[in-house]
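Trainee: pasting the structure only:
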């Protein structure tokens, strides 16, 4: 049986700053300090460098799931995140993340072997498996994550 990896979206698969860069100044000012609440911001974002290729490599050896949090006060976030996944990974039954997406504010409730996340919020610090904290000194990029997992 394959080991399970959960993968966060924001700043792990998705480059959040690429969405912010596309906002006009009045919108940035209006949502200052809470940019994740900007309607449709998640549809503006590009993938983190190397993330798509890394997922394709991992998919042959692991059972992969997206595990992300959706901002409570952004009514478009859930659909925009799902659309992003479909855009970059496909939406056919044989695509990597078809019906393998979990949105929760309690990542510690899931069972699995690894969680790749950039933060320890939302229960990531209490995940029962191994937390691979993306962006820290050990796992600075997808190459270092792949080197550890493969």
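Mentor: Yep, it's here. Fair warning: this is a prediction, and the values are worked out from it, not measured in the lab.
Trainee: where along the chain do the helices fall?
Mentor: Applying DSSP state H to the chain gives helices spanning 16-20, 25-30, 51-59, 77-89, 142-149.
Trainee: Report the buried residues of the longest one.
Mentor: So that's helix 77-89. Of the residues in helix 77-89, 77, 80-82, 84-85, 88-89 count as buried by neighbour count, 16 or more other Cβ atoms under 10 Å. Backbone N, C-alpha and C define where each C-beta goes, glycine included.
Trainee: Pull the distance from it to the chain's centre.
Mentor: Distance, stretch centre to chain centre, for helix 77-89: 11 Å (Cα atoms, centre = their mean, to the nearest Å).
Trainee: for this protein, what's the longest strand?
Mentor: strand 62-68 (DSSP state E).
Trainee: and residue 27, how far is that from residue 69?
Mentor: 22 Å (Cβ to Cβ, to the nearest Å).
Trainee: which of these two has more neighbours?
Mentor: Taking other Cβ atoms under 10 Å, residue 27 and residue 69 do not tie; residue 69 has more neighbours (22 against 15).
Trainee: Let me see the contact set for the more buried one.
Mentor: Taking Cβ atoms under 8 Å, 6 or more residues apart in numbering, we find residue 69 in contact with 8, 10, 103-105, 107, 121-122.
Trainee: Over to residue 54?
Mentor: By Cβ under 8 Å, 6+ apart, the contact list for residue 54 reads 142, 145-146.
Trainee: repeat that with 10 Å
Mentor: Going by Cβ atoms under 10 Å, 6 or more residues apart in numbering, residue 54 touches 7, 13, 48, 116, 141-143, 145-146, 149-150.
Trainee: any idea how far it is from residue 88?
Mentor: 12 Å.
Trainee: can you list residues touching both of the two?
Mentor: Shared contacts of residue 54 and residue 88, defined by Cβ under 10 Å, 6+ apart, comprise residue 13.
Trainee: which among the contacts of residue 69 end up buried?
Mentor: 8, 10, 107, 122.
Trainee: Quick check: chain neighbours aside, which residue is closest to the second one?
Mentor: Of all residues beyond its chain neighbours, the one nearest residue 10 is residue 16 (5.2 Å), with distances taken as Cβ to Cβ, 6 or more residues apart in numbering.
Trainee: Now do the one you found against residue 59, distance only.
Mentor: According to Cβ to Cβ, residue 16 and residue 59 sit 23 Å apart.
Trainee: Cool, thanks, signing off.
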